[in-house]
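In: Give me the fold of what follows.
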Amino acid sequence: MNLKLNKSIKYLIFFVTVGLVLRLLYFHDLTFGYDQARDALESISIIKNFDIKIIGPTTDIRGLFHSPLFWYIISPFYYFSGGNPEIARIPMILISLANIVFIYFFAKKLFKDEKIALLSSFFMAISFEAVQYARWLSNPPPALLTIGIFFYGLWLVVEKKKIGLPLMVLSWGFSVAFQFFLAYQIIFIFFGFGYLLITSRKTLIDSVKKYYWLYLATFIPLSFYILAQIKFKFIGLMSLLSHLTKNQGSSNSIFSYLIAFSNSLIEDAATNFTFYNFSIARWFLIIFSLAIIYLILKKKQLKIMIFLLVWFISPLIIYPIGNNDSYFLNIGILYPLIMLTIFVFLELGKFVSLKHIQNLFLVIFIGLVISSNLFLIITNNKGGEFLFSVQYKQNLNDEKKIVDYVYKSSKGKIFAFNTLTNPLYINTTWAYVFDWYGKNKYGFLPVWWGAYLDDFGKEIKFTQESKLNVGDKIFLIIEPLVFHEDYKQAYIRFENKRSKLVKRMQFGTHYIEERQIIKLKGFSRDEISKLLQVE
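Out: Numbers count the residues shown, from 1 in each chain. Down below sits the predicted model:
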């Protein structure tokens, strides 16, 4: 027994090492846009200015905010690295590595099978989706682990273990703190409570007596929400109720939500198993579903199969009220997807009586999974976290190259820059990158000659416009856009009125125009609006 345990630990150490290497691959390439710049400024201020936060990043519901817990986690990494976003990803990577170990123990608890447990751990280590979550500098990624712990607690409830329900409650509190829409999982807490109330009231009472401190600890992650609602007179709660009421009157049918959810599952399968090929992923899911139905009818691990299936389809609950375009709406189902896929494949392999043929099928299956995920990691991670990025390949590495270019082109002289951004007129990203990277490397900040900095980053002190002269350089930085081409043309028309084009360059998906000032003319949003009408 000890020998087997030691062997498993060696495998786990190897899997974690592989997972770490894959998560560090293209370490300098990461998606860095408005959300990341905002989070950087807010998290740094916690330590730098002793600025205690009780509200965090915005949600899709106006007036409702996430918990600032994510900011507190990344704050020391940002502060002590001098604001380096690459270093700020370290806690996300460490949390991601914990999933590799946790899924092993979870799968072993469920199936009592070492092979399924080890394969689950290995698949989590090499999963392109898990790697993307680990590298994404945003608040949802830690919830992948807390959701895993939540459903582990649910399984313990089903097994009538005293610690199950308090573990669910505590991990749910942290999940909601990282991503508010996960509040919907309270449905499973009600189920767990009702299940114990009916089947084992003694277990429920003993769990409260023995683990009351875990129940109380739930107020730690939820305290930010409670304090924020009290301070801001429950505006977040009212916004949520208004949003739910509005969605009740939606004309969308249940069928449309089922289609959206089905499409999201196809993307999940494509991301993890089929080289991001949606056609193959569709067939994968069809065969996968038929195999599951067959195994359920044969009562193969029936209770476990139903448990994992319920988990797998649970995000459907949120689709009528969520943003169906967000990949992370299905966050957490990677766990059951991996475990179900491995179990189903191994069970289907038993139809082949010859052992060496079974092993061959297993090798081919594992080889395809490895190939698919490594292919996606190698081809996509150098472009950032494309699964979650609002703008295609808005890469920090490219942004740094742009800053290097404009400073070197100006040859140490004062210069100006303007940006066309998404969100429009929100320049937090470039304010942060110039302040953190440009100022530290080149010793000064340029003139910001664009829309007034009225969002995060307005405290950054750029060089005064009065320092500019005719003949100085101005650079127009154009982000990868998701809005209409008209804005790009309007910006160029405006710049043509105060500068002449010298050179146009491309860095990744960003474009930059190097220009020479011909007229000292400040930026005007009203004029941009008028220029939108020009054919």
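In: can you tell me which helix or strand residue 177 belongs to?
Out: Assigned by DSSP states H and E, residue 177 belongs to helix 164-178.
In: How about the contacts made by residue 479?
Out: 391, 394, 419, 420, 421, 422, 429, 510 (C-beta atoms under 8 Å, 6 or more residues apart in numbering). Glycine gets a C-beta too; all of them are placed from N, C-alpha and C.
In: quick one: the second one and residue 30 touch, right?
Out: No - taking C-beta atoms under 8 Å as the contact criterion, residue 394 and residue 30 are not neighbours in contact, 9.6 Å apart.
In: Next one: the spatially closest residue to residue 527 that is not a sequence neighbour relative to residue 286, how far apart?
Out: Spatially, and ignoring its direct neighbours in sequence, residue 527 is nearest to residue 494 (6.1 Å; C-beta to C-beta, 6 or more residues apart in numbering). Counting by C-beta to C-beta, to the nearest Å, the gap from residue 494 to residue 286 is 53 Å.
In: in stretch 10-23, what's buried?
Out: Neighbour-count burial for stretch 10-23 flags 11, 12, 15, 16, 19, 20, 22, 23 (criterion: 16 or more other C-beta atoms under 10 Å).
In: closest to residue 450 among these?
Out: Nearest to residue 450 among these: residue 23, at 35.6 Å, using C-beta to C-beta.
In: Now name the helix or strand holding that closest one.
Out: Residue-wise, residue 23 maps onto helix 2-24 under DSSP H and E.
In: where are the low-confidence patches of this protein?
Out: For the chain, the stretches with pLDDT under 70 are 1-5, 243, 247-252, 322-324, 352-354, 482-484, 534-535.
In: mind listing what residue 109 touches?
Out: Residue 109 sits in contact with 152, 155, where contact means C-beta under 8 Å, 6+ apart.
In: need the next SSE after the helix or strand hosting it, C-terminal direction.
Out: Using DSSP H and E, residue 109 sits within helix 90-111. On the C-terminal side of helix 90-111, the nearest following helix or strand under DSSP H and E is helix 114-126.
In: Give me the buried positions along that following helix.
Out: Buried, per 16+ other C-beta under 10 Å, within helix 114-126: 114, 116, 117, 118, 119, 120, 121, 122, 123, 124, 125, 126.
In: one step back: which secondary structure elements does the helix holding residue 23 sit against?
Out: On a contact count with 3 or more C-beta pairs under 8 Å, 6 or more residues apart in numbering; DSSP states H and E, helix 2-24 meets helix 90-111, helix 114-126, helix 128-135.
In: would you turn the ones you listed into a markdown table with distance to residue 366?
Out: Shown next, in a markdown table, are the helices and strands packed on helix 2-24 (distance: least, C-beta to C-beta, whole Å):
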| stretch | distance to residue 366 |
| --- | --- |
| helix 90-111 | 15 |
| helix 114-126 | 7 |
| helix 128-135 | 15 |
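In: Residue 463 is nearest to which of the ones you listed?
Out: helix 90-111 (33.1 Å).
In: what's the nearest residue to the residue of the chain most remote from its centre if we skip its chain neighbours?
Out: Residue farthest from the centre of the chain, counting by C-alpha atoms, centre = their mean, is residue 470 at 44.8 Å. Leaving aside its sequence neighbours, residue 470 sits nearest to residue 517 (C-beta to C-beta, 6+ apart; 5.5 Å).
In: about what we covered before: what angle separates the helix holding residue 23 from helix 114-126?
Out: For helix 2-24 against helix 114-126, the angle by axes from the mean of the first three to the mean of the last three C-alpha atoms, to 10 degrees is 20 degrees.
In: now the next helix or strand after helix 2-24, how far from the chain's geometric center?
Out: Of the helices and strands lying after helix 2-24 in sequence (DSSP H and E), the nearest is helix 34-48. The chain centroid and the centroid of helix 34-48 are separated by 17 Å under C-alpha atoms, centre = their mean, to the nearest Å.
In: Now helix 34-48: buried residues?
Out: For helix 34-48, by 16+ other C-beta under 10 Å, it's 34-46.
In: quick one: contacts for residue 119?
Out: Residue 119 neighbours (C-beta under 8 Å, 6+ apart): 342, 366.
In: ok, back up a step: burial measure for the residue nearest to residue 470, as a count.
Out: The local packing of residue 517 (other C-beta atoms under 10 Å) involves 20 other residues.
In: Kindly list the longest helix within this structure.
Out: helix 355-380 (DSSP state H).
In: what helices or strands is it leaning on?
Out: helix 114-126, helix 128-135, helix 254-272, helix 334-349.
In: Of those helices, which is nearest residue 215?
Out: Closest among those, using C-beta to C-beta: helix 334-349, at 24.2 Å.
In: follow-up on the earlier one: what angle separates the longest helix of the chain from helix 2-24?
Out: 30 degrees.
In: next one: helix 355-380 to chain centre, how far?
Out: 26 Å.
In: Could you check the angle it makes with helix 334-349?
Out: 150 degrees.
In: Measure how helix 355-380 sits relative to helix 254-272, angle-wise.
Out: Going by the same axes, to 10 degrees, helix 355-380 makes 100 degrees with helix 254-272.
In: Just the buried residues of stretch 152-167, please?
Out: So for stretch 152-167, counting by 16+ other C-beta under 10 Å, buried means 152, 153, 154, 155, 156, 157, 158, 162, 164, 165, 166, 167.
In: Also stretch 276-295?
Out: Buried residues in stretch 276-295, counted by 16+ other C-beta under 10 Å: 276, 280, 281, 282, 284, 285, 288, 291, 292, 295.
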